[in-house]
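with the input below, show me the fold.
(2 chains)
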Amino acid sequence: MANDHIDITVEPGEVHALLGENGAGKSTLMNQLYGLLQPDEGEILVDGEKKVFRSPRDAIAAGIGMVHQHFMLVPVFTVAENIALGAEEVRGGPLGFLDRRRNRRDVLETSKKYGLPVDPDALIENLPVGAQQRVEIVKALTRDVDLLILDEPTAVLTPQETDELLAVMRSLAESGKSIVFITHKLREVKAIADRITVIRRGRTVGTATPDTSEDELAALMVGRDVSLEVAKGPAEPGREVLKISGLIVEDDRGVRAVDAVDLTVRAGEVLGIAGVQGNGQTELVEAIMGLRPVRAGTIELEDDSLIGRSTKQVLRSGVGYVPEDRSLDGVVKDFSVAENLVLDMYDREPYGSAFRLNPKAIAVNAAERVEQFDIRVSSPQSAVGTLSGGNQQKVVVAREMSRPLRLFIASQPTRGVDVGSIEFIHKQIIHERDNGTAVLVVSSELDEVVGLADRIAVMYRGRVLAVVSPDTPREEIGLLMAGITGTQEAEDDQ
Amino acid sequence: MSTATVEDLTEITAPKSFWNRQRRLGAALVIIGLIAAVVFGSLAESKTARFTLSEDAEGAALSINGQFGAILFGIVTIAAGGALLAGVAKRWQTWLLGLGIVTFVLSFLCWQVAGKFLPLVDTASGSLELALPLILGALAGVLCERSGVVNVAIEGQFLMGAFGAALVGTLATSVWAGLVSAVVGGVIIAAMLAWLAIRFLVDQVVVGIVLNLFALGVTGFLYERLMQPDALKYNSPPRLPEWRIPGLADIPVVGPVLFDTNLLVWLALILVFVIHFALRRTRWGLRTRAVGEHPTAADTVGIRVRGLRYMNVLLGGVVAGIGGAYFTLVSTSAFNKNMTAGAGFIALAALIFGRWTPFGALGAALFFGFAQKLANYLSAVGSPVPNQFLNMLPYIATIIAVAGLVGRVRAPAADGVPYVKS
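Residues are numbered from 1 along each chain as shown, chains lettered A, B, ... in the order given. Below is the predicted model of the structure:
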């Protein structure tokens, strides 16, 4: 059950934050409000009137708009086409010829009225995410919404873009619209919300005001006291383990995604890579892992070049890898926990040889890992797909840490993972560092990078703009994430 | 403190691969040009090749010495390839590629026609007629696939259309009744495709193949049990009349091809324009494309994804059914077991080669029709080139297209993906 007897009331002109962990049921709740899912029980009242939403069509008619976490924009359409879609201005009666001039004008009018600049003729696939989000908001506003739902809108934004979005939300609320702001980021909630509803495991666990402290909100959200800081001692960096220089990698479209990157990771330190998603982090890691061809440059693991090596060779040379998309690359969902724990070593003694598997050794290994990594599972023979996101991720981490490692790479190690598991995974990463492994952490959550890393490399448009200390003020890292470097300062340093 | 954005930093260049797409194409053209100039040129007889403007050997003609022509056009192909290799401006690339391919074909023709004649009108109208079912089949594919349903069942729709047209056309002794039942035949297969693929989420390629086998079985059975014993009563449909438009039909070459022909030719060409325009400029088209690219986005703005897909698949059935009528009302005047002989698959190839667009499909279909007509011509004049080679052309062209050699071939993003509400 994703939602269990939830009550929520949103007043006109207020920004109502819906706070909860990943998987708490926030999106499920709002998808019911938007007609994408049907509630089994309970009712929705709009202006005191009972409504049943069988599809988004009904919700739109009742004045509800939604900006989804994954943008609902057709990449090969223009901005104007996307905004018009479903509410097209047409001529010619039943033939329905698109009135492109009027569609375009409507877009520009709304854009101007709310101060949200969009170019009606640009193709969506060519726009940065921040602009795509503006298009989504304009799309909702052209439909005359009274209530606008924003589902995790800041996940893909830089801190500065987030501030802009918060300002837009504020001005929309002042013009009388109600806003539901779904998030798990406490800082943003405190900055913008008029009222806060906290959801945990599908239930409302409390309402709060923005004066409530972050610790209290976190405790409400998770259900117990949590430490938001990652406890760790100072790093003791040793020899250089990973050395990347002049690396150039292209993405699937042939556009240069990693552009002349130089990086080193030393034994016993965590190098964090910060940056808004889609700035080349994925391609960088894939290049190291032998998953993506390298155009130019070198990648060296101690004295061996990793270029041209297969992924298997890279893994076997002492690299642990937690991929960013767990369900796609991290686990085989229909396989058991035990099998997933030996995906990397199934053809090696004691788990098997070239021709057969050794189920006994695999089971013994599974029992040990489940214990050691606190994987909550009824039996190691259950399919991984039946586990929660946090436990699935622990399976991946357990597997990757079970080989002797020289380098550990974790991409978005805690995406879609509950707070308890986040703490655990963070501890394991620090533990691995303290054992003398070189660790590379890539995360789009700035908090996570700052918490784990001993040095932070900020990536923007495929380049490493700077390598800074985790004590650097957030604003400065935020500016770097937006591609703004203080050139004056850099010159002074020289 | 002044700030600067990354754009101001100096550009660092990576060694760009020399063999980009343009150069690879150029190299390919140079190679086939060499083959044309050397092989075709040396094999060709030094006799006059006549391309007559009428339907037979008489009258005005374009004439050229076969050997000279084969070598000359081969050299032009090499030159076009060389220009691509040297790296010309982008806007010339497509033209040069077209020029290279056309001159290669001309070189081949000079070799084959040397000492003989090729009637141009007959070749053109024959190509168009052979292309006709391919155009209609590919358009049916455009309608389905742009909305996100893969249609492998064009072959089955053709067969049902052809069978329906023959049977009802004979019984009612009306070519129009035949045409209507061809549409019904196509729609029956389309309805099953839509129902299984959209309602029950069965893999669309599998459904398509099953429906092809179904159509083959049903029509084959009825043909043997019903039509074969009493062909006069059940299998002698009337032919679709040919209409001649006075004036326009007198234009040399183009006139007899386009304006002295049957209704289906006009219908197919009009449909190309209509579907092209409707996809781009109407509400239906915008929504169809949205549903084929990103159905969830369409759903969240209140579009009925499944309903629209049903509609488009059925519309595709109408068009494919008309394509089926070609086989019994135009091409021959009797149904025969498996008479479509893979035309539906070539139509599918035309759809892909034409990049899922109506005009692309038209071009690809005409190209394939021409290849087929040429194959017939070659076997008629007793050419040493096996006509099977030319019959392979649609498939080879499709493989080349899918391999990405002629521009990026991109299917609608949600093509073949059933829509399930999350």
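
contacts and neighbour counts: CA atoms only from here.
OK.

so the residue nearest to the spatial centre of chain B: helix, strand or coil?
What sits nearest the mean C-alpha location of chain B, by CA atoms, centre = their mean, is B:Ala365, with 2.2 Å. Classification of B:Ala365 using DSSP: H, G, I helix; E, B strand; the rest coil returns helix.

buried residues in the helix or strand containing B:Ala166?
Using DSSP states H and E, B:Ala166 maps to helix B:154-172. The neighbour-count check on helix B:154-172 (16 or more other CA atoms under 10 Å in any protein chain shown) flags B:154-171 as buried.

now do the SS call for the closest residue to A:Ile299 other than its chain neighbours.
Distances taken as CA to CA, 6 or more residues apart in numbering or on different chains place A:Ile244 nearest to A:Ile299, at 4.5 Å, with adjacent residues excluded. Recorded secondary structure, A:Ile244: strand (three-state DSSP).

is chain A contacted by the helix or strand where B:Ile270 lies?
Element membership for B:Ile270 (DSSP H and E) is helix B:263-281. Yes. Using CA under 8 Å from any CA of the partner chain, we find that helix B:263-281 touches chain A at B:Arg281.

list the buried ones in that helix?
So for helix B:263-281, counting by 16+ other CA under 10 Å, buried means B:Leu264, B:Val265, B:Ala268, B:Leu269, B:Leu271, B:Val272, B:Ile275, B:His276, B:Ala278, B:Leu279, B:Arg281.

closest one of those to chain A?
The closest of the buried residues of helix B:263-281 to chain A turns out to be B:Arg281 (CA to the nearest CA; 5.6 Å).

report how many residues lie close to the residue of the stretch 251-400 of chain A found nearest chain B.
Nearest to chain B in the stretch 251-400 of chain A, going by CA to the nearest CA, is A:Ala296, at a distance of 6.5 Å. A:Ala296 has 18 neighbouring residues, counting by other CA atoms under 10 Å in any protein chain shown.

tell me which element it falls in.
In the assignment (DSSP H and E), A:Ala296 maps to strand A:294-301.

may I have that strand as CSV, with CA atoms only?
C-alpha atoms of strand A:294-301 as CSV (Å, rounded to 0.1, in the frame of the first residue of the first chain):
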residue,chain,number,x,y,z
VAL,A,294,37.6,7.0,-25.2
ARG,A,295,38.3,9.6,-27.9
ALA,A,296,41.5,10.9,-26.4
GLY,A,297,43.5,11.0,-23.2
THR,A,298,44.7,8.4,-20.7
ILE,A,299,43.2,6.5,-17.8
GLU,A,300,45.8,4.8,-15.5
LEU,A,301,45.1,2.5,-12.6
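
work out the sheet partners of that strand and label each with its direction, please.
Within its sheet, strand A:294-301 is paired with strand A:240-250 (antiparallel), strand A:304-305 (antiparallel), according to DSSP bridges.

pick the most deeply packed of the ones you listed.
strand A:240-250 (a mean of 21; mean count of other CA atoms under 10 Å in any protein chain shown).

I'd like the next helix or strand past it.
strand A:256-266.

in that next one, what counts as buried?
Here strand A:256-266 shows A:Arg256, A:Ala257, A:Val258, A:Asp259, A:Ala260, A:Val261, A:Asp262, A:Thr264, A:Val265, A:Arg266 as buried, counting by 16+ other CA under 10 Å.

near chain B, from these?
A:Asp259, A:Ala260.

out of the buried residues of strand A:256-266, who's nearest B:Gly98?
Of all the buried residues of strand A:256-266, B:Gly98 sits closest to A:Arg256, with 30.6 Å by CA to CA.

do you know the pLDDT at the residue lying closest to the closest one once chain neighbours are set aside?
Nearest non-adjacent residue to A:Arg256, counting by CA to CA, 6+ apart: A:Glu250, 4.2 Å away. For A:Glu250, the pLDDT comes out at 90.

list the residues that contact A:Glu250.
Under the criterion of CA atoms under 8 Å, 6 or more residues apart in numbering or on different chains, the neighbours of A:Glu250 are A:Arg256, A:Ala257, A:Val258, A:Glu283, A:Pro293, A:Val294, A:Arg295.

how close does it sit to chain B?
Look at A:Glu250 and chain B: by CA to the nearest CA, to the nearest Å, they are 11 Å apart.

which bits of the stretch 251-400 of chain A sit near chain B?
Contact residues (CA under 8 Å from any CA) of the stretch 251-400 of chain A with chain B: A:Asp259, A:Ala260, A:Arg295, A:Ala296.

OK, contacts around the residue lying closest to the last one once chain neighbours are set aside?
The reference is to A:Ala296. Spatial nearest neighbour of A:Ala296, chain neighbours left out: A:Ile248 (5.0 Å); criterion: CA to CA, 6+ apart. Neighbour list for A:Ile248: A:Arg256, A:Ala257, A:Val258, A:Asp259, A:Ala260, A:Val261, A:Val294, A:Arg295, A:Ala296, A:Gly297, B:Ala14 [criterion: CA under 8 Å, 6+ apart].

ok, now which ones touch the residue nearest to the fifth one when sequence neighbours are not counted?
Spatial nearest neighbour of A:Ala260, excluding adjacent residues (CA to CA, 6+ apart): A:Gly246 at 4.2 Å. A:Gly246 makes contact with A:Asp259, A:Ala260, A:Val261, A:Asp262, A:Ala296, A:Gly297, A:Thr298, according to CA under 8 Å, 6+ apart.

let's see it at 10 Å
A:258-263, A:295-299, B:12, B:14 (CA atoms under 10 Å, 6 or more residues apart in numbering or on different chains).

please apply the same query to B:Leu134.
So B:Leu134 contacts B:128, B:140, B:154, B:268, B:320, B:323-324, B:343-351, B:361-362, B:364-366, B:368-369 (CA under 10 Å, 6+ apart).

among those, which are in helices?
If you go by DSSP state H, the contacts of B:Leu134 have B:128, B:140, B:154, B:268, B:320, B:323-324, B:343-351, B:361-362, B:364-366, B:368-369 in helices.

does the host helix or strand of A:Glu81 reach chain B?
A:Glu81 belongs to helix A:79-84 when assigned by DSSP H and E. Yes. Using CA under 10 Å from any CA of the partner chain, a contact is recorded between helix A:79-84 and chain B, made by A:Glu81, A:Asn82, A:Ile83, A:Ala84.

quick one: which of those is nearest to B:Gly115?
Once CA to CA is applied, the member of the residues of helix A:79-84 next to chain B that ends up nearest B:Gly115 is A:Glu81, at 58.1 Å.

tell me, domain by domain, which residues of the chain belong where.
Chain wasn't specified; assuming chain A. A:15-222, A:240-493 (automatic domain parsing).

wait, chain B
B:21-115, B:121-402.

and among those domains, the most buried is which?
It is domain B:121-402: most buried of these by mean count of other CA under 10 Å, with a mean of 22.
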